[in-house]
Every structure is written in structure tokens, then in C-alpha cells.
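Engineer: Turn this into a structure:
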Amino acid sequence: MDRRSFLAGAAGAASALAMPAVALAQPAYPQKPVTIVVPFPPGGSTDLIARRFAEEIGRSLGQPVVVENRGGAGGAVGANHVARSRPDGYTLLMGVTGSNAISAALRDDLPYDPVADFDPVSIVVSAPLALVVNADSPFRSVEDVVAFARENPGRFTHGTPGVGTSMHMTGELFGVETGTTLLHVPFRGSAEAMQALLGGQVSGMFGDVLVTSEYVKTGRLRALGVTSPEPHYLLPDVPPIAEAGVAGFSSLSWQGVFAPAGTPAPIVDALYAEISRLVAASEMQDFFRERGFIVESRPPAQSRSFVAEEVEKWRNVVEVAGIVVP
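Structural biologist: Here you go, the predicted model:
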């Protein structure tokens, strides 16, 4: 039995139990190309992951899987397109923390509900950020930063790629959980924020662990802590912030596959089975590890609960921190 037959069989068997009259009339899935919408321009990590999945899943399903980039509004344009698409398994979203959690916390006018308008297939990967400072900085630990920020509200500046990004929100979460006020300095992208940190124009940055680890290795930055509950393999000697004076602190950037709400459960389950098989392969494990990702492969129900918790978490941060989006 090939994988395409397997998907057809899985869909048909499960459908026959749940809704026999409709399911028996449904053709095997997929019968035509599948589209994965990336809610950002080409070239970023989300695009990279989606294209790797498209290649592998397309080969297994026996149908082309096409990546379509629909950037704009921090991922909201692409996410909204998928939320309004026909729930038939042929239009999927590679969603991220921003598009499928933080946006709902920041924007009252978001045209979709990240929880109600999607059927999650799987949260596929996550990655922590690293709190880094310039190598010439006097800050040598998370405790140093907290102590300074408490005595000098608003004087510890942290650069980010913009309002509402995971870097920005992690800084806000850090302030909420430590009772401090950091000064957010948004730039037009991660590269500009990094240059400001290297040039000493900002005090620190919650940065991508893959990018920052390279500067740490060359001695230009000092890593004070990572935002995951466990140490990260790219910065094995750097403690989690949760173990460096901020108990329970956790902030992960994640990416996952979503289908529009109402997609038949047998299709969602079959897609999850295929994705979980792919991410377990050694080649894919190496692919993710080289880029600093942690493989999650959460099942659909667990992914739905996770996203709901993330939305609630960031709403609380926005409320407590008093964040207002212009």
C-alpha cells in the first residue's frame, strides 16, 4: 500500500464511522494540488520549512504541494486568506506565533479568530530566543539586567524587528514577570536591530538563537539566558532565564500547519500522520537541528489547546504591559 492509498484509506475509514452518508460519497484525498500559504515573503524560516514540507509531502501524496507567499500585516493577510478558504484540505497555512497567537492579543480588528477559525494539524517546531548583550556590556547575568531595570525604569533598551514580533513580546513578558520596565526600540528588521546591538545603540536584545549564537561564538555578543525551560543545544553553557532568577519564564517562537475550521477530521488526522512521520526521519531532524529548531510534532487536539493557551498568555501580557498598537 503506498502512502496515497494509506491517506485515502485512513480518511475513508474514519469518515465511515463519523458521518457515513457523506463520507462514502467523498473521493480519496488528495485529488488535486495542495497549497501551503506562507504568510510572509519568500526567504525566511517559515518559507524554508514550508518548502521542505511541500517537497516531502507532495512526493508522499502523489500530488503537487505548492507554496504560496501571502505576506502582510505581520502574517495576518495570509492567515486570513486560509481562514476564509474552503475547508477541504487543499489550502493550508504555515502559521507562526505572530499570526496565530500574538496578533489576536494586539489587534481588536483582526479579521479572523486564531482559535475558532482554524483546525490545527500540528505545531511542528519551536525555538527559544536568547537574551544577548554586547560583549563590552557591564551586564554579565540575567540578575544584573533585572537589578538595573528595577533601579532604572525604562533605561534598559532592547532592540526588535518591530511591534508585535515574538522578540518584542518576549521583552514585554520579561518586564511583566520581573516587575521591570524595559524600553522597546523597534527597527525595520532583525538585521537592523542586531547592528544596533553590535554598535552599542541598545542595551540588549531577545534574538533568534541561531543568529545570536554565531555572534556569541565569535565573541561579539554575550548570551545571558535562553527563553526555553531547558538549555538549548546551540548555547549549551547558557542557562534558561527560568533558572537565572525568573522562575517559570518561558517564551518560544513556534511554527505549525493549520487548516481552515471545518476541515474533515480524517483529512486533518491523515495530514498529521504524514507530518509526524516526516519530522521523525533523521534527514528532517538534521534539517531542523542545523537551524536551531526543536521538533514538537504536537497532535491536532494538543495543538489546539496549545494555541488557545498562547493567545491567552499574550493577551494577559498586552493588558498588564498596557501595549497599544498605533
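
Engineer: residue ranges of the strands in the protein, please?
Structural biologist: Using DSSP state E, the strands of the chain run over residues 34-38, 65-69, 91-96, 118-134, 157-160, 183-186, 204-208, 221-226, 252-260, 294-295.

Engineer: Tabulate those strands in a markdown table, adding columns for mean neighbour count and mean pLDDT.
Structural biologist: For every residue, glycine as well, the C-beta is placed using N, CA and C. Shown next, in a markdown table, are the strands of the chain (neighbours: other CB atoms under 10 Å; pLDDT from 0 to 100):
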| stretch | mean neighbour count | mean pLDDT |
| --- | --- | --- |
| strand 34-38 | 22 | 97 |
| strand 65-69 | 17 | 96 |
| strand 91-96 | 26 | 96 |
| strand 118-134 | 25 | 97 |
| strand 157-160 | 24 | 95 |
| strand 183-186 | 18 | 95 |
| strand 204-208 | 26 | 95 |
| strand 221-226 | 24 | 98 |
| strand 252-260 | 24 | 96 |
| strand 294-295 | 16 | 94 |
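
Engineer: Quick one: the ones you listed as TSV, columns for distance to residue 320 too.
Structural biologist: Listed next are those as TSV, based on distance: least, CB to CB, whole Å:
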stretch	distance to residue 320
strand 34-38	32
strand 65-69	35
strand 91-96	23
strand 118-134	20
strand 157-160	17
strand 183-186	15
strand 204-208	18
strand 221-226	21
strand 252-260	20
strand 294-295	27
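
Engineer: of those strands, which approaches residue 170 most closely?
Structural biologist: strand 204-208 (4.4 Å; CB to CB).

Engineer: tell me what that closest one is packed against?
Structural biologist: strand 118-134, strand 157-160, helix 166-178, helix 190-198 (3 or more CB pairs under 8 Å, 6 or more residues apart in numbering; DSSP states H and E).

Engineer: Between the ones you listed, which one is closest to residue 107.
Structural biologist: Nearest of the helices and strands packed on strand 204-208 (CB to CB): helix 166-178, 13.0 Å.

Engineer: mean confidence for that closest one?
Structural biologist: Here helix 166-178 scores 95 as its mean pLDDT.

Engineer: cool, stretch 46-62 as well?
Structural biologist: pLDDT averaged over stretch 46-62 gives 91.

Engineer: Name the nearest residue to the residue nearest the centre of the chain, sequence neighbours excluded.
Structural biologist: By CA atoms, centre = their mean, the chain has its centre lying nearest to residue 254, at 2.3 Å. Among residues not flanking residue 254 along the chain, residue 126 sits closest, at 4.1 Å (CB to CB, 6 or more residues apart in numbering).

Engineer: I'd say the one you found and residue 298 touch.
Structural biologist: No: under the criterion of CB atoms under 8 Å, residue 126 makes no contact with residue 298, lying 9.5 Å away.

Engineer: in the stretch 201-326 of the chain, what spans have low per-residue confidence?
Structural biologist: Within the stretch 201-326 of the chain, the segments meeting pLDDT under 70 span 326.

Engineer: about what we covered before: for residue 28, find the nearest of the strands of the chain.
Structural biologist: Closest to residue 28 of the strands of the chain, according to CB to CB: strand 34-38, at 13.4 Å.

Engineer: Just the CA coordinates for that closest one, please, in PDB.
Structural biologist: C-alpha atoms of strand 34-38 as PDB (Å, rounded to 0.1, in the frame of the first residue of the first chain):
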ATOM      1  CA  VAL A  34      -2.500  21.200  -2.300                       C
ATOM      2  CA  THR A  35      -1.400  24.800  -1.400                       C
ATOM      3  CA  ILE A  36       0.500  25.800   1.700                       C
ATOM      4  CA  VAL A  37       0.200  29.500   2.300                       C
ATOM      5  CA  VAL A  38       3.200  31.200   4.000                       C
END
